[in-house]
Structure formats: C-alpha cells, structure tokens
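> Compute the structure for the input listed below.
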Amino acid sequence: MSILKTLRKAYVVIKVFRGKHIVLYSLTLLALTSITLFSSITIESAFKTISSILVESSNIYVIYSGEAKLPITGFLPAYLAEIISTNSNVVSVSPEVTVLCRLNGSEIVMVRGIDPKHFTKTFNLKIIKGSLFNFTEIFASTVGVDLAKKMNITIGSKIVLISDLWSRYVTVTVKGIHKTNTPIDSEILVPLITAQYLRSMDVNYVSIIHVKTLNETMRLHRLSSRMLKVNISIKWSNGSLISSGVLWVLDEYEKVITKKEFSHGNLILELYPGSYIFYVEVNGKFSSKPLKLILKENTAVDFNVVKLIGEKPITEKHRPPETIFEVAKQVSHVERENPVISSKAMEETFEKYGLSKLLLLTILLISLLIPLIGVSSATSMIIYGSRKNIYILHANGLSFLEIKVFIALFFTAITLMASIISYYMTLHVFNFVLELFKPFIFAHKLEITHEISLIIVLTLTAITVVLTTLFTHRSIVEVEDLSYET
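Okay, here's the model as predicted:
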C-alpha cells in the first residue's frame, strides 16, 4: 500500500506541470543535448581520424624519426627495417614513405609508398578490384575504397599526383582498388620509389617503418647509429689460422661491398648493421661455403674454411632490386635520425604540442556552456510557471521534501530519456552527414567514433545542471514561504 500511495503522490506532482510545457521543455532539452552530443562526436571523430593515420594496434608499432615535427614527415634509413626484422618477436616489417599530394591538381590526398612484399605481410590488404602492383611498377597504384568512391576512380584511370612542397609530379595508372578497414582506405598506394621521388627522398631513406610483432613487446635495443666492429678470426677446419688471403664481403643479394686483405688469420672490419656474406680467397681459390652474418652489434666471429675451390663463386653481378632491402644497401652515407618506436605515435606527437585528449575535453566542456545555460533556463521557466500549483500541493498534504524529491526524479527521468533519444538521433544525423558530404580531414575520411564513457559524463553533467537549477530555484528553495497568488 505504501508503494501505491507513493506512486499516487508522484502522479499528483507530475500533473502540476502542464502537458504543453513538458513537451516544449522536452523538445528544448532534446535539441540542446543533441548539440552537445554532436559537438562531442565531431571532436572525437576528428581526433581519432588524425591520430590513426599511422595504423597501430597492440601488436603493430611504428618507428619514426624523433627529430621530425610529425611522424609522417621524418627520414629514417631503410636498412633499419632489415635489422628489426631479425628480432625473434617480429612477424614482419613494412618500410613506407608518406607524402601529401594534390590529386589531378585539386583534392589533397595521402600517398603512401610501399614495398608490396612486406606491406601485405604487415597489414590485411585486400584488392577488391583489379590487382596489386609489384615493386618495380613505378607508374602503377592502387586506390583505397573510400577515396575511389569519393573521387569516382576506377581501374585503368590515369591520375596525376602533384607534390607541391617538392615541386614534383607523376602520372600513375590505377591497377586496383584496395580495402584494409583502416585509414589506408582513404589513401593511394604506390611503389616505394615513386613516393621517394615525390618526397625528393634518397632511395636509402623511408618516412616510417611499421612493425608487426608476436606480442606486445617491442623495443629498439641494439640498434647502433654508427658502424660496428667485426673481429674475424679466419681458420682452417682443423683450427689453425690461415696465414694470408683476401676476405670478400657481400650483401645477402651477392653484391660485393668490399674486399680486404688479411694476415695471420685475423681481420677487423667496420660495417653498418645488416646482413652480410663472407668468402675467403687464398691464392686465387675461394672457400666452398660462405660465412653468413647478421650484424647487430660489435662482435667477434670465427670463419672456419672447410675447403677451397678453384672457380670463383662470386659473379659480382646481382639481379635487379625486388625489395627495399635490396635498394637500401648503399649505406655509407646514411645517418639515423633518432628513431622512436611507439604504438600511439600521432597521439604522442599531439601531446608534445599540447593537443591532448584532456585539452579537447576542456574545449568541449567550454563549448557546452551555452547549451547548459539553455537547459538551466528551460528548467527555471517551467518551475516558475508552476509555482502556484506547487504551493497547492503542499496545502493538500504533501510535504515540501516529497514535492522536491518527486520533481527532481521527474526531471531526471526526462533528461535521461532526452539524452538517450538525442544520442541515437545524433548518430543517425552524423552518419547522414558523412554519407552526404563525404568529409575528409587530413586527407582521410572522417570516421564516426565516440566513447560511451564521455557520453555518460555529458549526460550526467546535463542531469547535474537540471538538479542544481531545481534545488537552487526560488520556487523550490523558498517553497515554504510562498503565498497564494490570485
């Protein structure tokens, strides 16, 4: 019985407010909360779109130059990718070059130079139409499905990419339409050397290196920025030192790097980190089996020569380059620019410049000031218009505390319902805007994103404003002193 009695009292209090006033109040609240939520989703979506340009996850990291203003604008020696790939925790690496270009002289797009062999091992790249270019097709490209849809690009289209910053351009043919379900779907993929040309970048350099790992552990240890010493002891298979000869040093693609004479079976070399092949030449004969070495740090090795063969196993000719690792072998003049590894590179860069999520939230809360003032004013108006009826309720046996509690619960329920409705309504409106205008930010399609926690905070903020207005309004605070007005 007590529950029914309480519900009757609540019903009586609710009837104090006229239906048209409640409808008007609800519509006002719906409009103001929608503005709030739309602002929140817009800011979050813009921040997320820009910060996810470098595709990262729990097991995909990005290495970039710590000296660059933005991760995508830096320079890194390409051979770092090869060294990193030797880590037992690394699944694959993808050296890349990023450059902003004007597409056909108008739309700004992101062009990403890749080595297809390594890129496809790092990302889940699907060619939904056409085919993927190979490393040597410098005038070929694939276009992301989002960009292709926006610009009406089809297979076989010839597009002009103009790099205004470097005063360079290139015409490429679209071989395929790609999809990755990442911001890369808003980009144009080209062979690495094409993007290097557009960036006016030496073939030994890249912008970033994506690293895919087995787990969430990835560190840049043992990556020297200088030439490393290799102490080689050259012996026969029985352990005796070879008195004299020549040591041939090749890269893993059998390109001769250098030749060094040695005596008393010892030789000290200075080489950059990387993979090498060594042959020993003694009196015009060569070791039958080479020594293969992955150089990551100063080291000492034994080269045990089993037997010598008369014919030269080294042609001094190597096949045309097929990957970036083959191109990036001329490392004598390459310098490293403080490589940094991160799983949130763009976010960390924003924070370095003071553009953090906390700042964005602060800006959002400031921008909500006017809507919140509107919510407070609407609440005050409906309470003021019902002040006589509030006194009548008290005169008919309801305590002041009961009236305050029921009014607070009623307005809380309206605010909560308005927030839920405006949330779903705002999502549909936002999706409609995205489909209609296809907005791109920083040359990437604006993707809708929002954090439920932030939506909850905004809803609670609106409820707090409403309740604060209720309990500080004169018609509530001084309800005991109201006199009946005729």
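> any idea how far the spatially closest residue to Ser237 that is not a sequence neighbour is from Leu214?
Using C-beta to C-beta, 6 or more residues apart in numbering and skipping the chain neighbours, the partner closest in space to Ser237 is Val306 (4.8 Å). All C-beta atoms are positioned from the backbone trio N, CA, C, and that covers glycine. Taking C-beta to C-beta, to the nearest Å as the measure, Val306 falls 36 Å from Leu214.
> By residue count, which strand of the protein is the longest?
The strand that spans the most residues within the chain, counting by DSSP state E, is strand 90-103.
> residues of that strand that come out buried?
Val90, Ser92, Val93, Ser94, Pro95, Glu96, Val97, Thr98, Val99, Leu100, Cys101, Leu103 (16 or more other C-beta atoms under 10 Å).
> I'd say the first one and Asn215 touch.
Yep, that's Val90 we're talking about. No: here Val90 does not reach Asn215: they are 10.7 Å apart, not a contact under C-beta atoms under 8 Å.
> that older thread, please compare Val306 and Leu214 by neighbour count and tell me which comes out ahead.
The neighbour count for Val306 versus Leu214, taken as other C-beta atoms under 10 Å, is higher for Leu214 (12 against 9).
> Quick check: closest non-adjacent residue to Glu447.
Thr49 (5.6 Å).
> who's in contact with that neighbour?
By C-beta atoms under 8 Å, 6 or more residues apart in numbering, Thr49 lies in contact with Pro183, Ile441, Phe442, His444, Lys445, Leu446, Glu447, Thr449.
> go on, Ser65?
Going by C-beta under 8 Å, 6+ apart, Ser65 touches Pro71, Gly74, Phe75, Leu76, Glu337, Asn338, Pro339, Val340.
> Just send those residues back as TSV, with pLDDT too.
TSV is the format used below for those (pLDDT from 0 to 100):
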residue	pLDDT
Pro71	88
Gly74	86
Phe75	86
Leu76	85
Glu337	58
Asn338	72
Pro339	78
Val340	78
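> When you filter those down to buried only, what's left?
Of the contacts of Ser65, these count as buried by 16+ other C-beta under 10 Å: Pro71, Gly74, Phe75, Leu76, Glu337, Pro339, Val340.
> In TSV, list the residues you listed along with secondary structure and distance to Leu189.
Shown next, in TSV, are the buried ones among the contacts of Ser65 (DSSP: H, G, I helix; E, B strand; the rest coil; distance: C-beta to C-beta, whole Å):
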residue	secondary structure	distance to Leu189
Pro71	helix	18
Gly74	coil	20
Phe75	coil	20
Leu76	strand	19
Glu337	coil	25
Pro339	strand	24
Val340	strand	24
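> closest to Tyr61 among those?
Set against Tyr61, the nearest of those by C-beta to C-beta is Val340 (10.2 Å).
> Could you list the low-pLDDT ranges of the stretch 51-200 of the chain?
Along the stretch 51-200 of the chain, segments meeting pLDDT under 70 span 88.
> So which residues of it form strands?
Taking DSSP state E, counting those that start in this stretch to define them, one finds strands in the stretch 51-200 of the chain at 60-65, 76-77, 90-103, 107-114, 126-130, 140-144, 158-163, 168-179, 187-191.
> Sheet partners, orientation included, of the shortest one?
Meaning strand 76-77. strand 205-206 (antiparallel) (DSSP bridges).
> any idea which helix or strand comes after the strand it pairs with?
Sequence-wise, the next helix or strand downstream of strand 205-206 (DSSP states H and E) is strand 208-213.
> what helices or strands is that following strand leaning on?
Contact analysis of strand 208-213 by 3 or more C-beta pairs under 8 Å, 6 or more residues apart in numbering; DSSP states H and E lists strand 60-65, helix 79-85, strand 90-103, helix 116-122 as its packing neighbours.
> Mind splitting the protein into its structural domains?
2-52+353-481, 60-219+336-343, 228-312 (automatic domain parsing).
> I'd like the buried residues of strand 90-103 as CSV, with distance to Tyr272 appended.
Shown next, in CSV, are these (distance: C-beta to C-beta, whole Å):
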residue, distance to Tyr272
Val90, 19
Ser92, 22
Val93, 17
Ser94, 21
Pro95, 16
Glu96, 21
Val97, 21
Thr98, 25
Val99, 26
Leu100, 31
Cys101, 32
Leu103, 38
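> And those residues, which is closest to Val145?
Nearest to Val145 among the buried residues of strand 90-103, with distances taken as C-beta to C-beta, is Leu103, at 15.4 Å.
> still on that earlier bit, single out the most deeply packed of the domains of the chain.
Highest mean neighbour count of the domains of the chain: domain 60-219+336-343, a mean of 19 (counted as mean count of other C-beta atoms under 10 Å).
> Report how far apart the opening and closing residues of that one are.
7 Å (C-alpha to C-alpha, to the nearest Å).
> how far is that domain from where the chain is centred?
14 Å (C-alpha atoms, centre = their mean, to the nearest Å).
> for the spatially most central residue of the chain, what are its contacts?
With distances taken as C-alpha atoms, centre = their mean, Ser52 lies nearest the centre of the chain, 2.2 Å away. Ser52 makes contact with Thr182, Pro183, Met346, according to C-beta under 8 Å, 6+ apart.
> what does stretch 428-435 contact?
Ser34, Phe38, Ile41, Thr42, Ser45, Pro439, Leu446, Ile448.
> Identify, from those, the entry nearest to Ser356.
Comparing those against Ser356 with C-beta to C-beta picks out Ser45 as the nearest, at 16.8 Å.
> Where does the closest one sit: helix, strand or coil?
With DSSP: H, G, I helix; E, B strand; the rest coil as the basis, Ser45 sits in helix.
> I'd guessed it sits against Glu447; true?
Yes: in this structure Ser45 lies within contact range of Glu447 using C-beta under 8 Å: 6.3 Å.
> Let me have the strands of the stretch 51-200 of the chain in JSON lines, extended by distance to Phe278.
Shown next, in JSON lines, are the strands of the stretch 51-200 of the chain (distance: least, C-beta to C-beta, whole Å):
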{"stretch": "strand 60-65", "distance to Phe278": "29"}
{"stretch": "strand 76-77", "distance to Phe278": "23"}
{"stretch": "strand 90-103", "distance to Phe278": "25"}
{"stretch": "strand 107-114", "distance to Phe278": "32"}
{"stretch": "strand 126-130", "distance to Phe278": "41"}
{"stretch": "strand 140-144", "distance to Phe278": "38"}
{"stretch": "strand 158-163", "distance to Phe278": "42"}
{"stretch": "strand 168-179", "distance to Phe278": "40"}
{"stretch": "strand 187-191", "distance to Phe278": "32"}
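> Out of the ones you listed, flag the one nearest Leu267.
Of all those, strand 76-77 sits nearest to Leu267, with 25.7 Å by C-beta to C-beta.
> Nearest spatial neighbour of Leu458, chain-adjacent residues omitted?
Using C-beta to C-beta, 6+ apart, the closest residue to Leu458 is Thr36 (5.7 Å).
> Might one say that Val211 is in contact with Ile84?
Yes: using C-beta under 8 Å, Val211 makes contact with Ile84 at a distance of 6.0 Å.
> what do these two both touch?
Common neighbours of Val211 and Ile84 (C-beta under 8 Å, 6+ apart) are Ile63, Val90, Val93.
> so how far is Ala345 from the first one?
Distance check for Ile63 against Ala345: by C-beta to C-beta, it reads 9 Å.
> which residues sit in contact with Pro116?
Leu132, Phe133, Asn134, Phe135, Pro191.
> and if you look at Lys150?
Counting by C-beta under 8 Å, 6+ apart, Lys150 touches Lys438, Phe440, Lys445.
> one more time with 10 Å
By C-beta atoms under 10 Å, 6 or more residues apart in numbering, Lys150 lies in contact with Glu107, Val109, Gly144, Ser186, Lys438, Pro439, Phe440, Lys445.
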